[in-house]
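J.: Have a look at this prediction, sequence included:
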Amino acid sequence: MRRVADPSNTSGGRSKKGLDRNLIRRLLALLRPQRTYVLVALVGVVIAAYLGPLRPKLVQIAIDDHIAVGDLPGLNRIVLVLLGVMLAEGLLAFFNSYFTQWIGQRAIYELRVRIFNHLIRQPLAYFDRLPIGRLITRTTSDVEALSDVLSAGVVTILGDLLRIVFITWFMFALSPVLAVVTLAVLPLMFWATALFRKSVREQYSETRAQVARLNSFVQEHVTGMSVVQLFGREAEEDRRFAEINDAHRQAQLKTVFAFSLFFPVVEVLGSVALALVLWVGGLRAVGGGLTVGVLVAFIQYSRQFFEPIRNLSDQYNTLLGAMAGAERIFDVLDADERLPEKADAFVPTTMRGDIVFQNVWFAYDAAEADAEGREPNWILKDVSFTIPAGTMAAVVGATGAGKTTLINLLLRFYDVQKGAVLVDGVDVRDFQIEALRREIGLVLQDVFLFSGSVERNITLDDPDVTPERVREAATLIGADRFIERLPGGYAHDVKERGQGLSHGQRQMLSFVRALVYDPAVLVLDEATSSVDTETEEAIQTALERLMDGRTSLVVAHRLSTIQHADQILVMHRGELRETGTHAELLRRDDGLYRRLYELQYREERVEGRA
């Protein structure tokens, strides 16, 4: 397990110190796979950077060497050369613009893939801790903030710097005096730039933080819209959103103000430089110390000189935005919390399904508790039991007793802090994670379906699962009847989160999805607690056939559904209090299971009378 950072950090850390060199190196490293294309682009930029300053020099030659002496053929040649330079500039501008964008979009594509691949391999504890909206921001808008830098920013910055170098070289070659006059305003330019950088560098980090906060709020409230409307909280949530939105607006306006002030200052300083060139150059031209061609060239150079400076300031704006986004992106990529997997991890050819919990202790907050030097909030406390292969075990208990945690540890969504979980005598930490989970079919109470066809939601695009196997599993569970009634049948388009399907239908699809792989172990986490009686009876009939000869672990709410279990595990406050069959546990006068059964029986009897 590598270093754990907090990708939810929005403090701006390094950004507040300016342009962090290490961060810039990591940004440039994203272009390494495109280095051949980048080199080609750089050649084009160098040529374009030279051709721009060459134009005023050609104008100077045309005026002084040909117009002034009446050399019409020479003038025609210079004009043709000038036209050729301008045509080459136009072609290079198109090439550089398209090619650099092409390079950048390839880099952005690979970065998005890298981030998504990283996220889907993190453990559930990672997503328990971080707001989903914030992670979405990292994958979308923060990556998009890098687009301009990776597309044209690096190449454009180099091109603008080279233009300044070439322009300065041409100016000193023509007239050192006018070159010094043109550059006289640079101290004021540097001073204005320093103030501008100080003003905006922290503001960019704040703006990105507000974007993440805005996205998190919208994602959370769109997902929980039913709760908002059920309790009539529309006005209150609208007020909270307005506050967050206003904070984002204020952060954005502060940045806009800095740029609105800086660019006119650059424009004014450029005009001052032009005026000084006209004044000093005009006096020297009148006195015969300067040709008209040189003066005209310097007027063009004074305009050209401040254009790349303005561009560099704009690129600094882009670079700051990219730095703020890159810092958060690299925080995500550096925060690798994947559960460790051995190089020679065990991959079973077959699995019998023997399950053993040996003195298991587990707490979700173990890492935080250890860092703070306190006792963890133990969810499981010294839990031990055995489920022989081919038998059915049911887990019952009050909410918070640790029932679902047993499943999380069996599937190795989390690792135990003490003890061990064994499958077929092998510690689950020694299994290849994918191989372990492939042999365990899990059905949850809250079913998640993706946008796409019914068949895709069952196979999850696994090429090893054939259409025939899908239909066989659906028929076995009894889901084929409602699937075939859907428009399009197995090709029916399921909306986001399964909208348009009843809860019972979604639940049955989850059964088919789990059983289509013919798992050695079947795990049901209150999978029938939210379906109607008719659907539950259909599922129970199918489950009786499916559980025959297969190890089954059932977390149950309705005790009537687990009376035939080979053993029942009664959990209470993280401890295993009782084990036995339904009949054995009922014979205990003061047993927890008996009290749960009698309480539920009375509730069902009252509901029956009602």
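T.: Nice, thanks for sending it over.
J.: OK, contacts around residue 395?
T.: With contact set as Cβ atoms under 8 Å, 6 or more residues apart in numbering, residue 395 has these partners: 403, 406, 553, 554, 555, 556, 568, 569, 571. C-beta here means a position set from N, CA and C on the backbone, and glycine is covered the same way.
J.: Who is it paired with across the strands?
T.: residue 555, residue 569 (DSSP bridges).
J.: buried residues in stretch 227-245?
T.: residue 237 (16 or more other Cβ atoms under 10 Å).
J.: shaky segments in the stretch 451-600 of the chain?
T.: 497-498, 527-536, 538-539, 541-542, 545-546 (pLDDT under 70).
J.: For the contacts of residue 395, give me CSV that also has distance to residue 119.
T.: Formatted as CSV, these follow (distance: Cβ to Cβ, whole Å):
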residue, distance to residue 119
403, 28
406, 26
553, 29
554, 31
555, 28
556, 33
568, 38
569, 34
571, 32
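J.: which of those has the most neighbours?
T.: For those, neighbours were counted using other Cβ atoms under 10 Å, and residue 406 has the most, 28 neighbours in all.
J.: quick one: it and residue 383 touch, right?
T.: Yes - the pair residue 406 / residue 383 is scored as a contact, 7.5 Å apart, by Cβ atoms under 8 Å.
J.: that older thread, out of the contacts of residue 395, who's nearest residue 389?
T.: residue 553 (12.1 Å; Cβ to Cβ).
J.: Give me the secondary structure label for that closest one.
T.: Using DSSP: H, G, I helix; E, B strand; the rest coil, the structure places residue 553 in strand.
J.: Skip the chain neighbours and tell me the closest residue to it.
T.: Leaving out its chain neighbours, the residue that sits closest to residue 553 by Cβ to Cβ, 6 or more residues apart in numbering is residue 523, at 4.8 Å.
J.: any idea of the angle the helix or strand containing the one you found forms with strand 551-555?
T.: Assigned by DSSP states H and E, residue 523 belongs to strand 521-525. Going by axes from the mean of the first three to the mean of the last three Cα atoms, to 10 degrees, strand 521-525 is angled at 10 degrees with respect to strand 551-555.
J.: Against residue 126, how distant is the residue nearest to residue 553?
T.: 22 Å (Cβ to Cβ, to the nearest Å).
J.: Neighbour count: the two, which is higher?
T.: Taking other Cβ under 10 Å, residue 523 and residue 126 do not tie; residue 523 has more neighbours (22 against 17).
J.: surely the more buried one meets residue 439?
T.: No - the pair residue 523 and residue 439 fails to qualify as a contact (Cβ under 8 Å) at a distance of 10.9 Å.
J.: Please enumerate the shared neighbours of these two.
T.: With Cβ under 8 Å, 6+ apart as the test, residue 523 and residue 439 reach no residue in common.
J.: Grab the most central residue of this structure for me.
T.: With distances taken as Cα atoms, centre = their mean, the residue of the chain nearest its centroid is residue 139 (2.7 Å).
J.: my guess is that one meets residue 113, correct?
T.: No - if you go by Cβ under 8 Å, residue 139 and residue 113 don't touch, sitting 10.3 Å apart.
J.: Run through the strands of this structure in chain order.
T.: Assigned by DSSP state E, the chain shows strands spanning 355-362, 380-387, 392-397, 418-423, 426-427, 440-444, 452-453, 493-494, 521-525, 551-555, 567-572, 575-580.
J.: For the first one, buried residues please.
T.: By 16+ other Cβ under 10 Å, the buried positions in strand 355-362 come out as 355, 356, 357, 358, 360, 361, 362.
J.: can you tell me which two in those residues are farthest apart?
T.: 355 and 361 (17.6 Å).
J.: so how far is residue 493 from the closest residue in space to residue 467 that isn't next to it in sequence?
T.: In space, and not counting its chain neighbours, residue 467 is closest to residue 455: 6.8 Å by Cβ to Cβ, 6+ apart. Distance of residue 455 to residue 493, computed by Cβ to Cβ: 11 Å.
J.: out of those two, which sits in the busier spot?
T.: residue 455 (21 against 13).
J.: just checking, that one touches residue 468?
T.: No - look at residue 455 against residue 468 with Cβ under 8 Å: they stay out of range, at 11.4 Å.
J.: that older thread, now, among the contacts of residue 395, which is nearest to residue 588?
T.: For those, the nearest to residue 588 is residue 568 (11.7 Å; Cβ to Cβ).
J.: where does the stretch 301-450 of the chain dip in pLDDT?
T.: If you take pLDDT under 70 as the line, the stretch 301-450 of the chain has these spans: 317.
J.: Next, the buried residues of stretch 474-491.
T.: 474, 476, 477, 478, 479, 480, 482, 483, 486, 490.
J.: how long is it end to end?
T.: This stretch, stretch 474-491, spans 14 Å end to end (Cα to Cα, to the nearest Å).
J.: Centre of the chain to that stretch, how far?
T.: 35 Å (Cα atoms, centre = their mean, to the nearest Å).
J.: for stretch 31-44, same thing?
T.: Counting by Cα atoms, centre = their mean, stretch 31-44 comes out at 27 Å from the chain centroid.
J.: and for it, what are the contacting residues?
T.: Surrounding stretch 31-44, the residues in contact under the criterion Cβ under 8 Å, 6+ apart are 92, 95-96, 99-100, 102-103, 106-107, 110, 150, 154-155, 158.
J.: Quick check: of those, which lies closest to residue 560?
T.: residue 110 (54.3 Å).
J.: Okay, the closest one and residue 104: tell me how far apart.
T.: In terms of Cβ to Cβ, residue 110 sits 11 Å off from residue 104.
J.: For these two, indicate the residue with more neighbours.
T.: residue 104 (24 against 13).
J.: who touches the closest residue to the more buried one other than its chain neighbours in this structure?
T.: Ranked by Cβ to Cβ, 6+ apart and with sequence neighbours excluded, the top spatial neighbour of residue 104 is residue 151, at 2.6 Å. Remark: with contacts taken as Cβ under 8 Å, 6+ apart, residue 151 is in contact with 100, 101, 103, 104, 105, 108.
J.: For those, could you give me a markdown table that also reports distance to residue 247?
T.: Converted to a markdown table, these look like this (distance: Cβ to Cβ, whole Å):
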| residue | distance to residue 247 |
| --- | --- |
| 100 | 35 |
| 101 | 33 |
| 103 | 36 |
| 104 | 31 |
| 105 | 32 |
| 108 | 28 |
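J.: pretty sure residue 513 contacts residue 455?
T.: No - using Cβ under 8 Å, residue 513 makes no contact with residue 455, being 10.5 Å away.
J.: Okay, now the unreliable bits of the stretch 101-250 of the chain?
T.: Ranges of the stretch 101-250 of the chain meeting pLDDT under 70: 152, 197-202, 204-205, 208, 226, 230.
J.: all helices for it, in order.
T.: 124-129, 132-139, 141-148, 154-174, 176-183, 186-223, 225-230, 234-286 (DSSP state H, counting those that start in this stretch).
J.: Need the residues that contact stretch 417-427.
T.: 346, 348, 351-363, 366, 376, 382-384, 389, 409-410, 412, 428-429, 431, 436, 521.
J.: Show me which of the residues you listed are buried.
T.: Looks like the contacts of stretch 417-427 have 346, 348, 351-358, 360-363, 366, 376, 383, 389, 409-410, 412, 428-429, 431, 436, 521 buried, using 16+ other Cβ under 10 Å.
J.: quick revisit: closest one to residue 337 among the strands of the chain?
T.: Closest among these, using Cβ to Cβ: strand 355-362, at 16.5 Å.
J.: got the angle for that closest one vs strand 380-387?
T.: Going by the same axes, to 10 degrees, strand 355-362 makes 180 degrees with strand 380-387.
J.: Relative to strand 355-362, what are the paired strands and their orientations?
T.: Checking strand 355-362 against DSSP bridges gives partners strand 380-387 (antiparallel), strand 418-423 (antiparallel).
J.: okay, those strands in CSV with distance to residue 318 next?
T.: Formatted as CSV, the strands paired with strand 355-362 follow (distance: least, Cβ to Cβ, whole Å):
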stretch, distance to residue 318
strand 380-387, 51
strand 418-423, 51
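J.: Give me the distance between residue 452 and residue 514.
T.: 18 Å.
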